[in-house]
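Colleague: Structure of the sequence below:
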Amino acid sequence: MDNEIVYSSNATDQKAQYDARAKRLLGQKIILAHILIRVVEEFKGMDADTVASLIEGEPYISQIPVEPGLMNKEAVDARTGERIVGLNTESSEIDEGKIYFDIIFYVQMRDGLAKMIINLEAQKNEPTKYFILNRAIFYTARLVSSQKEREFTGSDYNEIKQVYSIWICMNMEKNSLSHIHMVKDDLVEGQDWKGNLNIPNIVMIGLAKEIPPKEERYELHRLLGTLLSQTMTAEQKLKLMKQEYNIPVDRRSIRKEVNIMCNLSEGVEEMGYAKGEAAGRVEGKIEFILNMHKKGYSLEQIMDVTDMSEAEIKAIIG
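Modeller: As a prediction, the model looks like this:
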């Protein structure tokens, strides 16, 4: 069984590398721009290159750890001695350890005077241990509340920046796109309350397993499905990206990430990861799961490697 543990460890490591590369590919400014012009009202109808130029600096990709409960990166400028507060990509939950936002970045509005904060998350399938929309609401609330002492101080709430938390959920039954935001219902008379209902926004993107046909309504799903596909070759992906979206695939960073992702995907498939072949027979699979649990692998890691549900694994490990 030690060989199976090594095997599963390699598969888990391979998958982690694939996930990291997927985030890096999605974090390319031109890719982010194509997403924004299709889901954020502010940028609809704009040219992707123009929107890409409005993205400030480099997107944060799962990189800044802090103490539990904090989302602001705080440091001191060595030259001036002044306190610096910046955006952190990490949040935390009690009993779950540290979690990281996949991708976070600032983007300027059309007028160049204001900006918004965008968070992009990618999930390989809809979670079973919690409602994904609840997590999206939690992330959005974090993005808003963490702005205090970074985007505004004291009670200057008018300076709160608009936020979008965009979720890509793969392996769904059908392609879907939803914008979830605040609305005002007048129950008794009507009052024009001052404020911005557009501050918190959630966008849920459901991706079916099969890449959709070339239709206007599926433009975003077709692009994301191509980028995240584990069956298309690198050249197939690059060709579609260039021909249908005019993405500069000759740019070294994009071509490199696509090639590495495809190589990792092939490696995972060859190890039998996708089909859960690592455990062999039913008896061996049970022993395999018990050994992984004994070695300290998390429930989610065991679920990933064996392709079994949480309930099935809990029934085995007790």
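
Colleague: buried ones in stretch 54-61?
Modeller: Using 16 or more other C-beta atoms under 10 Å as the test for burial, stretch 54-61 gives Leu54, Ile55, Pro59, Tyr60, Ile61. Quick note: C-beta positions are derived from backbone N, CA and C, even for glycine.

Colleague: How about the contacts made by the first one?
Modeller: Contact partners of Leu54, counting by C-beta atoms under 8 Å, 6 or more residues apart in numbering, are Val107, Gln108, Met109.

Colleague: Within the helices and strands, which one has the residue minimising distance to the centre of the chain?
Modeller: The centre of the chain sits closest to Glu121, judged by C-alpha atoms, centre = their mean, with a distance of 1.8 Å. For Glu121, the host element (DSSP states H and E) is strand 115-123.

Colleague: Kindly report the same for His179.
Modeller: Residue-wise, His179 maps onto strand 176-181 under DSSP H and E.

Colleague: avg pLDDT for that strand?
Modeller: Mean pLDDT, computed over strand 176-181, is 97.

Colleague: So what are the sheet partners of the next helix or strand after that strand and their directions?
Modeller: Downstream of strand 176-181, the next assigned helix or strand under DSSP H and E is strand 200-208. Strand 200-208 has the following sheet partners, assigned by DSSP bridges: strand 162-172 (parallel), strand 176-181 (antiparallel).

Colleague: pull the helix or strand with minimum mean pLDDT from the chain.
Modeller: Within the chain, no helix or strand scores below strand 72-76, which has a mean of 47 by mean pLDDT, DSSP states H and E.

Colleague: What strand or helix carries Leu32?
Modeller: Element membership of Leu32 [criterion: DSSP H and E] is helix 29-39.

Colleague: Run the chain-centre distance for that helix.
Modeller: Centroid separation for helix 29-39 versus its chain: 14 Å, with C-alpha atoms, centre = their mean, to the nearest Å.

Colleague: orientation of it relative to strand 200-208 in degrees?
Modeller: Relative orientation of helix 29-39 and strand 200-208, computed by axes from the mean of the first three to the mean of the last three C-alpha atoms, to 10 degrees: 100 degrees.

Colleague: Please state the backbone phi and psi of the residue lying farthest from the centre of the chain?
Modeller: Residue farthest from the centre of the chain, counting by C-alpha atoms, centre = their mean, is Glu189 at 41.4 Å. Main-chain dihedrals, Glu189, degrees, to the nearest 10: phi 60, psi -160.

Colleague: what would the buried residues of stretch 54-61 look like in CSV with distance to Tyr164 and pLDDT?
Modeller: Shown next, in CSV, are the buried residues of stretch 54-61 (distance: C-beta to C-beta, whole Å; pLDDT from 0 to 100):
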residue, distance to Tyr164, pLDDT
Leu54, 14, 95
Ile55, 13, 95
Pro59, 13, 90
Tyr60, 15, 86
Ile61, 17, 87
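
Colleague: Show only the entries of those residues found in helices.
Modeller: By the criterion of DSSP state H, membership of the buried residues of stretch 54-61 in helices covers Leu54.

Colleague: Closest to Met170 out of the buried residues of stretch 54-61?
Modeller: Taking C-beta to C-beta as the measure, Ile61 is the one of the buried residues of stretch 54-61 closest to Met170, at 18.3 Å.
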